[in-house]
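# Next come a sequence and a model predicted from it.
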Amino acid sequence: MGLSVEGVSVVYPAADRRPPVEALSNINLQIENDDFVVALGASGCGKSTLLNLIAGFLAPTSGSLELDGNTVSGPGSDRAVVFQKHALLPWLNVLDNVAFGLEIQGISKEKRYEIANKFIGLLGLDGFQDSPVYKLSGGMQQRVGIARALTCDPKLLLMDEPLGALDALTREKAQELILNIWNTTHKSVFFITHSVEEALFMGTKLIVMSPRPGRITNSFDLPFSRQFLAGTPARQVKASTEFIKLREDVLKIIFADEEAAA
Ligand SMILES: Nc1ncnc2c1ncn2[C@@H]1O[C@H](COP(=O)(O)OP(=O)(O)OP(=O)(O)O)[C@@H](O)[C@H]1O
Ligand SMILES: [Mg+2]
């Protein structure tokens with residue numbers, strides 16, 4: 001089961017005297033339950049378009065998407081999205097931001113606070129329930145956004161460059177936190193990043209995409225997140241010979257794709 005993307009293409013129609021854009025061409029992708037799939041590729045290669053298709057915000061021009069055997073025909077509570085810029089509600093505190101999705105579903109205050117508090121604890125935000133979100137650091141705000149996405153218990157968590165705006169140290173800590181959450185909640189994840197190191201460290205599967213038209217040019221199975229979850233320190237995983245070799249191989253592929261597209 002899981003998500004299957006079959007023969008999907010997306011053409012954005014011509015607009016404002018600009019020609020149509022073939023944003024994705026013949027994408028085939030399987031995300032199994034428990035997979036952590038990471039997408040890497042130059043700007044404009046269609047990563048966010050693919051995420052928006054999976055989220056159901058956009059329909060494919062051709063091809064099909066199925067989640068657990070059901071055609072994806074719009075957004076649903078089986079999928080949750082975390083964006084690069086957390087879409088938090090600045091006038092609400094941490095607890096109400098995290099509980100917001102449950103409120104929309106009409107769940108009682110007592111129940112939604114109970115669920116929200118569980119994920120606030122999981123994301124290391126205990127004690128900040130009453131803080132207005134604008135007073136938090138960027139890394140904490142991003143954790144509020146992740147906690148909110150998790151409250152609806154989605155099967156598939158979709159993350160579009162969720163850590164792109166964080167400083168290096170906070171980013172590494174957030175990577176570890178997301179892996180630990182993935183390991184305890186058993187979600188499937190589709191994660192977009194521009195960082196090769198982040199992609200290799202986080203994913204169980206990596207897809208490398210290339211632009212004009214957007215397509216998957218390479219894919220790899222990855223062992224590194226499981227090494228970290230089995231107890232090897234993150235920096236040790238990232239400094240291993242195997243990791244560095246694959247990092248350089250993937251960088252070569254991305255640079256070659258960019259030169260070919262230039
Ligand atoms: N709504 C839209 N209408 C027209 N063209 C679009 C639209 N959204 C994206 N595009 C075009 O489709 C292509 C793929 O865009 P997309 O945002 O999916 O790329 P991306 O890989 O996420 O890029 P980035 O790394 O910069 O976020 C680009 O050429 C972009 O200009
Ligand atoms: Mg994008």
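It's in. Ligands and ions are numbered 1, 2, ... in the order given.
# CA atoms for contacts and neighbours, from now on please.
OK.
# The protein: helices as residue ranges?
Using DSSP state H, the helices of the chain run over 47-55, 94-98, 100-104, 109-122, 138-151, 168-185, 196-202, 224-229, 234-238, 241-261.
# Does anything pack onto the first one? Which helices or strands?
When you say that, I think you mean helix 47-55. Applying 3 or more C-alpha pairs under 8 Å, 6 or more residues apart in numbering; DSSP states H and E, we find helix 47-55 packed against strand 21-31, strand 36-41, strand 79-82, strand 156-160, strand 188-192.
# C-alpha coordinates for it, CSV please?
What follows is helix 47-55, C-alpha atoms only, in CSV (Å, rounded to 0.1, in the frame of the first residue of the first chain):
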residue,chain,number,x,y,z
LYS,A,47,9.7,19.4,-6.3
SER,A,48,6.9,21.6,-4.9
THR,A,49,4.7,20.7,-7.8
LEU,A,50,5.1,17.1,-6.9
LEU,A,51,4.4,17.8,-3.2
ASN,A,52,1.3,19.8,-4.2
LEU,A,53,0.0,16.9,-6.3
ILE,A,54,0.4,14.5,-3.4
ALA,A,55,-1.3,17.0,-1.0
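# What is the burial count for residue 167?
Using other C-alpha atoms under 10 Å, residue 167 has 11 neighbouring residues.
# one step back: quick check: which of the helices of the chain is buried the most?
Most buried of these, by mean neighbour count (mean count of other C-alpha atoms under 10 Å): helix 94-98, with a mean of 27.
# residues in contact with that helix?
88-89, 113, 116-117, 120, 128-133, 144-145, 147-149, 151 (C-alpha atoms under 8 Å, 6 or more residues apart in numbering).
# Check the residues you listed one by one and keep those near ligand 1.
Counting by C-alpha under 6 Å from any ligand atom, nothing from those sits close to ligand 1.
# Output the helices of the chain in a markdown table, with distance to residue 36 appended to each entry.
Listed next are the helices of the chain as a markdown table, based on distance: least, C-alpha to C-alpha, whole Å:
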| stretch | distance to residue 36 |
| --- | --- |
| helix 47-55 | 14 |
| helix 94-98 | 23 |
| helix 100-104 | 23 |
| helix 109-122 | 19 |
| helix 138-151 | 15 |
| helix 168-185 | 8 |
| helix 196-202 | 7 |
| helix 224-229 | 9 |
| helix 234-238 | 17 |
| helix 241-261 | 17 |
